[in-house]
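Chemist: mind folding the following:
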Amino acid sequence: MTNNIDSTPVGLLAGKVVLITGASRGIGAAAARLFAREGAAVVLAARTTDALDRVVAEIRAGGGVADAVTMDLADRASIRAAVDQVEKLHGRLDGAFNNGAAGQRPGPLDTTSDEDIDRQFAVNFRAHWTAMTAEAALMRRNGGGAIVNTSSIGSRRANPALPAYGAMKRALNSLTETAAVTWAREGVRVNGITPGGTATEMMEEWEAMSPGVIAASKAATPMGRMAEPEEVAEVAAWLLSDRASMVTGAIVPVDGGAGA
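Modeler: Now for the predicted structure:
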């Protein structure tokens with residue numbers, strides 16, 4: 001008698017519905033492609049709909065399930081509407097990768113404008129609060145889920161070049177830990193990641209404003225290079241998966257040893 005064992009590999013996120021913010025480029029776009037390859041039905045959110053549509057078309061062409069929703073992280077109603085749209089599309093939400101962020105014009109804290117501080121607060125902190133609250137409410141209606149927030153290595157120490165950005169990301173770490181404890185008994189896990197220098201468009205924009213930043217980042221990283229967006233997305237994928245079932249309240253470095 002032969003044993004018919006199905007050896008078809010099962011994706012890390014097979015059967016899960018996952019929302020990704022900031023999905024039009026960089027780590028978010030890499031995550032959308034990876035999560036779809038790992039079996040998730042992905043919903044991509046960002047302000048730039050043209051870029052989103054290109055990523056969605058690419059995923060669908062490869063046989064994946066993907067949809068795009070417009071979301072402005074500075075607009076709380078827009079965030080809630082995007083989560084509502086996920087429910088209309090799929091009826092549930094199993095995972096959320098809150099990755100969208102706004103960069104800061106580099107400069108010392110005493111020359112950082114009020115407008116820049118307000119934008120950092122709105123996009124890099126308040127938006128996560130709003131998104132997590134809406135995401136967790138939908139997850140709890142269906143037995144739970146997992147949330148991953150993208151913070152930054154700049155949240156772990158003094159950040160003289162990007163003081164408002166670093167401060168809001170550090171506040172996000174605290175919020176991530178608090179959410180993990182608050183929703184643990186309801187089956188919602190919440191974790192954060194702190195990438196170091198990563199080869200994204202945001203890093204290129206920073207380099208254009210402050211030449212030498214990329215070289216300095218590589219020099220400060222024991223592994224001697226920046227991360228690729230896919231490498232950061234891999235960590236988020238694991239944290240969103242059932243393989244990380246006992247991990248919540250963690251802030252995981254993805255920085256090549258730069259923060260060690």
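Chemist: against which helices or strands is the helix ranked longest in the chain packed?
Modeler: Among the elements of type helix in the chain, defined by DSSP state H, the one spanning the most residues is helix 163-183. Applying 3 or more CB pairs under 8 Å, 6 or more residues apart in numbering; DSSP states H and E, one finds that helix 163-183 makes contact with helix 114-121, helix 127-140, strand 145-150, strand 188-195, strand 251-254. (Glycine included, C-beta is placed from N, CA and C.)
Chemist: indicate which one of those is closest to Pro106.
Modeler: Ranking the helices and strands packed on helix 163-183 by proximity to Pro106 (CB to CB) places helix 114-121 first, at 10.4 Å.
Chemist: list the buried ones in the closest one?
Modeler: Asp116, Ile117, Arg119, Gln120, Phe121 (16 or more other CB atoms under 10 Å).
Chemist: give me the residues contacting the lowest-mean-pLDDT helix or strand in the chain.
Modeler: Between all helices and strands in the chain, the lowest mean by mean pLDDT, DSSP states H and E belongs to helix 201-209, at a mean of 81. Contacts of helix 201-209 from elsewhere in the structure, counted by CB atoms under 8 Å, 6 or more residues apart in numbering, are Arg25, Gly26, Ala101, Gly103, Arg105, Pro106, Gly197, Val213, Ile214, Ser217, Met226.
Chemist: of those residues - the most surrounded one?
Modeler: Most neighbours among these, by other CB atoms under 10 Å: Ala101, with 25 neighbours.
Chemist: relative to Lys218, how far out is the closest residue to that residue other than its chain neighbours?
Modeler: Using CB to CB, 6 or more residues apart in numbering and skipping residues adjacent in sequence, the residue nearest Ala101 is Asn124, 5.4 Å away. Relative to Lys218, Asn124 is positioned 24 Å away (criterion: CB to CB, to the nearest Å).
Chemist: coming back round to it: could you identify the helix or strand that succeeds the least confident helix or strand of the chain?
Modeler: Using DSSP states H and E, the helix or strand that directly follows helix 201-209 along the chain is helix 213-219.
Chemist: output the contacting helices and strands for that following helix.
Modeler: helix 201-209.
Chemist: how far off centre is the helix it packs on?
Modeler: 19 Å (CA atoms, centre = their mean, to the nearest Å).
Chemist: which parts of that helix are buried?
Modeler: Of the residues in helix 201-209, those scored as buried under the neighbour-count criterion (16+ other CB under 10 Å) are Met203, Trp206.
Chemist: with only the CA atoms kept, save it in PDB.
Modeler: Output of helix 201-209 as PDB, limited to C-alpha atoms (Å, rounded to 0.1, in the frame of the first residue of the first chain):
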ATOM      1  CA  GLU A 201      13.400  55.400  -2.400                       C
ATOM      2  CA  MET A 202      13.100  57.100   1.000                       C
ATOM      3  CA  MET A 203      16.800  56.400   1.600                       C
ATOM      4  CA  GLU A 204      17.700  57.800  -1.800                       C
ATOM      5  CA  GLU A 205      15.700  61.000  -1.000                       C
ATOM      6  CA  TRP A 206      17.600  61.400   2.300                       C
ATOM      7  CA  GLU A 207      20.900  60.900   0.400                       C
ATOM      8  CA  ALA A 208      19.800  63.700  -2.100                       C
ATOM      9  CA  MET A 209      19.300  66.000   0.900                       C
END
